[in-house]
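Trainee: sequence and computational prediction follow.
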Amino acid sequence: KQEVTQIPAALSVPEGENLVLNCSFTDSAIYNLQWFRQDPGKGLTSLLLIQSSQREQTSGRLNASLDKSSGRSTLYIAASQPGDSATYLCAVRYSGGYQKVTFGTGTKLQVIP
Amino acid sequence: DGGITQSPKYLFRKEGQNVTLSCEQNLNHDAMYWYRQDPGQGLRLIYYSQIVNDFQKGDIAEGYSVSREKKESFPLTVTSAQKNPTAFYLCASSTHMGPTNQPQHFGDGTRLSIL
């Protein structure tokens, strides 16, 4: 079964701290991995998309890495701000079948002023 | 602004009733998706459509139905056969369904509850 795991389920950090969110997947045969942000009661906003041939993607204070051999991706957030508080989900598009996307359960981040 | 519009934001269903959730996109995307989100679980795929007049079941299609008569519209009907419909429903779209660079765009969701 192709699964995506995100640990921890919740994380609380003081403002200004650099932090890393983790995403693990069970099958290295992937097309891409995407990181999303979800605010309470809202839909998902795409943050970064990493193709299977790439090792990392950067956007502003965000940097996502991908290591297919170990089945891991990390989302690094630099100089965290209270506005970064949200749930962060990763989603993996596995090869084969209809290339469906498998989502993790998310990490709920709280940045304390 | 291009995007995905879901309506209503909140919906209540009586026992034995069918309800329809609306999803409209003006992104000119070919592919559209419906997901269900429950607390503590990842998003689960209900149905997806790669092109007009075509749709396929996802992982949890039982008790749901869809149609894709227009490119921009992909309504989801929650039928009385779905015994546990209380959840947050998310509609998404992408340029196409394939392995290449095509991030999914999401609407703001509809929260369905049982009366």
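Mentor: Arrived safely, thanks for sending. Note that the coordinates shown come from a computational prediction; the quantities given were computed from them, not determined experimentally. Residues are numbered from 1 along each chain as shown, chains lettered A, B, ... in the order given.

Trainee: how about the closest residue to B:Leu27 other than its chain neighbours, secondary structure?
Mentor: Nearest non-adjacent residue to B:Leu27, counting by Cβ to Cβ, 6 or more residues apart in numbering or on different chains: B:Gly2, 4.7 Å away. (C-beta placed from N, C-alpha, C; glycine too.) Recorded secondary structure, B:Gly2: coil (DSSP: H, G, I helix; E, B strand; the rest coil).

Trainee: could you list every residue that touches B:Gly2?
Mentor: Going by Cβ atoms under 8 Å, 6 or more residues apart in numbering or on different chains, B:Gly2 touches B:Gln25, B:Asn26, B:Leu27.

Trainee: which one (most neighbours) among the residues you listed?
Mentor: Compared across the contacts of B:Gly2, B:Gln25 has the highest neighbour count, 21 neighbours, by other Cβ atoms under 10 Å in any protein chain shown.

Trainee: show me which residues of chain A sit near chain B.
Mentor: Proximity of chain A to chain B (Cβ under 8 Å from any Cβ of the partner chain) is limited to residues A:4, A:31-32, A:34, A:36, A:41-46, A:49, A:51, A:89, A:91, A:93, A:95, A:98-106.

Trainee: and the residue positioned nearest the centre of chain B, how far from chain A?
Mentor: Central residue check for chain B by Cα atoms, centre = their mean: the C-alpha nearest the mean position is that of B:Trp34, 2.6 Å away. According to Cβ to the nearest Cβ, to the nearest Å, B:Trp34 and chain A sit 12 Å apart.

Trainee: before we move on, what SS does that residue have?
Mentor: Applying three-state DSSP: B:Trp34 is strand.

Trainee: just the pLDDT at the residue nearest to B:Leu27, thanks.
Mentor: On pLDDT, B:Gly2 comes in at 73.

Trainee: again with A:Ala29
Mentor: Looking at A:Ala29, the pLDDT reads 85.

Trainee: and it, how close does it get to chain B?
Mentor: Distance from A:Ala29 to chain B, by Cβ to the nearest Cβ: 11 Å.

Trainee: you'd agree that residue is up against A:Gly71?
Mentor: No - counting by Cβ atoms under 8 Å, A:Ala29 stays clear of A:Gly71, with 10.6 Å between them.

Trainee: who's more crowded, those two?
Mentor: Taking neighbours as other Cβ under 10 Å, A:Ala29 and A:Gly71 compare with A:Gly71 leading, 18 against 10.

Trainee: give the closest residue to the more buried one in space, chain neighbours not counted.
Mentor: A:Phe25 (5.0 Å).

Trainee: sorry, back to before: are any of the residues of chain A next to chain B buried, and which?
Mentor: A:4, A:31-32, A:34, A:36, A:42-44, A:49, A:89, A:91, A:93, A:100-106 (16 or more other Cβ atoms under 10 Å in any protein chain shown).

Trainee: for chain A, what helix or strand is lowest in average pLDDT?
Mentor: strand A:101-103 (a mean of 88; mean pLDDT, DSSP states H and E).
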